[in-house]
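Peer 1: Here is a sequence together with a model predicted from it:
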Amino acid sequence: MSPFKLPGPGPLLVFGGPYSNLEATRTLQARAEALGVPPENCLCTGDLIAYCARPAETLDAIQAWGCTSIMGNCEESLVQQAADCGCGFEAGSACDALSQGWFRFARARINEQQRAWMATLPQQLQFRWHQFTVTLVHGAPSRINRFLFASSETAEKQKELESSGAQLLLAGHCGLPFGQTIAGPEGSRYWLNSGAIGMPANDGTPDGWYLLLEPEGDSVRASWHRLPYNAPSEQQAMRAAGLDNGYASALTSGLWPSMDVLPEPERLQQGTPLQPQALMLTPNTP
């Protein structure tokens with residue numbers, strides 16, 4: 001893997017959860033190119049491999065693109081040749097049971113060269129961009145597979161932000177796009193989750209999501225965008241590979257097969273199309 005290239009001064013495109021979804025990955029790369037965002041300004045929060053049917057092909061596409069990715073818990077588990085995906089699902093839950101099938105499928109299809117490449121991925125990255133100190137993580141700075149949602153306690157996010165030393169934290173893992181401004185004694189900090197491209201956001205639409213950060217003067221505009229792509233084609237690939245399960249159905253229904261990991265507020269939003277509001281981010285200057 002090539003060394004991490006610091007993002008340039010232009011917009012950042014942040015995405016998570018390709019999830020072995022080759023159609024979504026190729027569509028996002030085309031979107032980035034259409035927006036004029038170079039590969040070094042495209043940042044992935046991990047879980048390149050998961051539910052869908054083309055793990056090796058998706059890894060190859062990410063490498064050829066040249067975007068920057070950190071390690072998700074799925075890559076960590078594949079590198080360690082663990083028995084499960086390490087997603088943090090409760091033992092015996094529906095999510096845990098469903099993960100057994102796709103994780104075995106993915107583990108059998110990646111080769112040693114790909115496993116070695118995944119082993120080089122950092123678990124988090126810190127860098128300066130447009131007057132912000134930025135931390136890119138999968139779940140949270142404290143734990144790669146920690147689930148934090150929009151409704152999760154603000155105090156918990158604040159602790160994580162303070163421990164990272166970042167004013168701007170970019171995360172993934174939970175699969176739902178959201179942004180939150182967290183006020184503190186030293187000024188505002190920001191927790192932004194890009195959402196995922198490889199699986200819908202449980203909102204009744206088949207779209208994935210990505211986050212765009214655009215400098216506007218001294219501030220930055222954070223906006224979330226839908227990623228329509230050829231979901232029926234990816235669904236067909238899953239079913240042809242023997243992955244005819246709840247995740248295959250979710251690609252077109254937009255509804256997750258289980259909500260075990262979701263807090264009650266997010267459960268109540270199932271089937272309601274998301275409309276994340278843009279945020280203006282202001283750097284804390286000395």
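Peer 2: That came through fine. Just so it is clear, the model here is predicted, and its values are computed rather than measured. Numbering: from 1, shown residues only.
Peer 1: where along the stretch 51-200 of the chain do the strands fall?
Peer 2: 68-69, 125-129, 132-136, 168-171, 178-184, 187-193 (DSSP state E, counting those that start in this stretch).
Peer 1: Quick one: list the elements packing against the last one.
Peer 2: Judged by 3 or more C-beta pairs under 8 Å, 6 or more residues apart in numbering; DSSP states H and E, the packing partners of strand 187-193 are helix 154-164, strand 168-171, strand 178-184, strand 279-281. Where you see a C-beta, it was placed from the backbone N, CA and C, and this is true even at glycine.
Peer 1: and if you look at the fourth one?
Peer 2: The helices and strands touching strand 168-171, judged by 3+ C-beta pairs under 8 Å, 6+ apart, are strand 132-136, strand 187-193.
Peer 1: For the first one, which strands pair with it and how are they oriented?
Peer 2: When pairing is defined by DSSP bridges, strand 132-136 lines up against strand 125-129 (antiparallel), strand 168-171 (parallel).
Peer 1: Just say which of these is most tucked in.
Peer 2: For those, the stretch with the most neighbours on average is strand 168-171, a mean of 25; neighbours defined as mean count of other C-beta atoms under 10 Å.
Peer 1: next one: that strand to chain centre, how far?
Peer 2: Relative to its chain's centre, strand 168-171 lies at 11 Å (C-alpha atoms, centre = their mean, to the nearest Å).
Peer 1: cool, and stretch 179-196?
Peer 2: Taking C-alpha atoms, centre = their mean, the mean C-alpha location of stretch 179-196 is offset from the chain mean by 17 Å.
Peer 1: CA-only coordinates of it in PDB, if you can.
Peer 2: Once non-C-alpha atoms are left out, stretch 179-196 reads as follows in PDB (Å, rounded to 0.1, in the frame of the first residue of the first chain):
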ATOM      1  CA  GLY A 179     -23.700  15.100  12.200                       C
ATOM      2  CA  GLN A 180     -23.500  16.700  15.600                       C
ATOM      3  CA  THR A 181     -22.000  19.900  17.000                       C
ATOM      4  CA  ILE A 182     -20.700  19.500  20.500                       C
ATOM      5  CA  ALA A 183     -20.100  22.700  22.500                       C
ATOM      6  CA  GLY A 184     -17.300  22.700  25.000                       C
ATOM      7  CA  PRO A 185     -15.100  25.100  27.000                       C
ATOM      8  CA  GLU A 186     -12.600  25.300  24.200                       C
ATOM      9  CA  GLY A 187     -15.200  25.900  21.500                       C
ATOM     10  CA  SER A 188     -17.200  23.600  19.200                       C
ATOM     11  CA  ARG A 189     -16.200  20.100  18.200                       C
ATOM     12  CA  TYR A 190     -17.900  18.100  15.500                       C
ATOM     13  CA  TRP A 191     -18.800  14.400  15.200                       C
ATOM     14  CA  LEU A 192     -19.700  13.500  11.700                       C
ATOM     15  CA  ASN A 193     -20.700  10.000  10.500                       C
ATOM     16  CA  SER A 194     -20.600   9.500   6.700                       C
ATOM     17  CA  GLY A 195     -23.100   6.700   6.600                       C
ATOM     18  CA  ALA A 196     -22.300   3.700   4.300                       C
END
